[in-house]
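Enquirer: Just the structure for this:
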Amino acid sequence: MGAAVVATMRSSPWPARRIMTFPDDSPESRTAIELARSLFLRDDNNYGCAESAMVALQELYGLPDAADSSAAMVLNGGVAYSGGVCGAISGAALAVGKLAGGRIADHRRAKRTARRLVQLVMAEFEDEFGSNNCSDLIDYDLTTQHDEFIESGVWKGTCMKQIEFAVARLHSLADPVIWDEMLRTLDVE
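Expert: This is a model prediction of the structure:
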């Protein structure tokens, strides 16, 4: 159940542009994506993009209090509807941080690992969608146009694809073998 090689080098403090490509059609990926979909596409719109991505990954990673989405509530719409970094990335980043913190005893190394993983996913996300910022991705100002945004259905298509992308890219980190392989590839000290 190995992963592909990290590719597409760039000049930055990060050694690679792409995270390992994990099998996105695995049962684990489908399970995580279906959980994210079930939360995000609820008729009551109770869970936003950040919450849905975070809970789906936390569940898959087997993290404590996995259903608790409270830390991600304010991240929807690019942090408090500001249009900043997409909530799918932010929510996924919270789950990756908790996973790294639970698996790596050295706090500094855990932080570096989580940052590296999220940077790589952000690069792939930008390559896929053209931006990491919510305002560029949905073309709505959620502070003033939230009702129009909901009525438009953009969130059901565009936002759901972004949540699925983030969850699919990070789901395999639940597997300790893939986690260890990724750590070796990243060579985070």
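Enquirer: what packs against the helix ranked longest in the chain?
Expert: Secondary structure assigned by DSSP state H gives helix 107-129 as the longest helix of the chain. On a contact count with 3 or more Cβ pairs under 8 Å, 6 or more residues apart in numbering; DSSP states H and E, helix 107-129 meets helix 87-103, helix 160-170, helix 176-186. C-beta: built from backbone N, CA, C; applies to glycine.
Enquirer: Quick check on residue 133: phi, psi?
Expert: phi -90, psi 130 (degrees, to the nearest 10).
Enquirer: since we're on residue 152, how many residues are nearby?
Expert: 15 (other Cβ atoms under 10 Å).
Enquirer: Just list the residues touching it, thanks.
Expert: Residue 152 is in contact with residue 140, counting by Cβ atoms under 8 Å, 6 or more residues apart in numbering.
Enquirer: I'd like the distance between it and residue 175.
Expert: 38 Å (Cβ to Cβ, to the nearest Å).
Enquirer: same deal with residue 133?
Expert: Taking Cβ to Cβ, one finds residue 133 at 31 Å from residue 175.
Enquirer: Same check on residue 46?
Expert: Applying Cβ to Cβ, the value for residue 46 to residue 175 is 30 Å.
Enquirer: So for these two, which residue has more residues nearby?
Expert: Between residue 46 and residue 175, counted using other Cβ under 10 Å, residue 175 has the larger neighbour count: 18 against 11.
Enquirer: For residue 165, see how far away the more buried one is.
Expert: For residue 175, the distance to residue 165 equals 19 Å [Cβ to Cβ].
Enquirer: same question, residue 39
Expert: Distance from residue 39 to residue 165, by Cβ to Cβ: 16 Å.
Enquirer: What of residue 46?
Expert: For residue 46 relative to residue 165 (Cβ to Cβ), the value is 22 Å.
Enquirer: Could you count how many residues lie near the residue nearest to residue 155 when sequence neighbours are not counted?
Expert: Leaving aside its chain neighbours, residue 155 sits nearest to residue 149 (6.6 Å; criterion: Cβ to Cβ, 6 or more residues apart in numbering). Neighbours of residue 149 under the rule other Cβ under 10 Å: 19.
Enquirer: residues touching residue 149, list them.
Expert: Residue 149 neighbours (Cβ under 8 Å, 6+ apart): 138, 140, 142, 155.
Enquirer: can you tell me which helix or strand it belongs to?
Expert: helix 142-152 (DSSP states H and E).
Enquirer: After that helix, which helix or strand is next?
Expert: With elements assigned by DSSP H and E, the helix or strand that comes after helix 142-152 is helix 154.
Enquirer: neighbouring contacts of that following helix?
Expert: Under the contact criterion Cβ under 8 Å, 6+ apart, helix 154 has outside partners 138-140.
Enquirer: my guess is residue 26 meets residue 174, correct?
Expert: No. Applying Cβ atoms under 8 Å as the test, residue 26 and residue 174 come out as separate, 10.4 Å apart.
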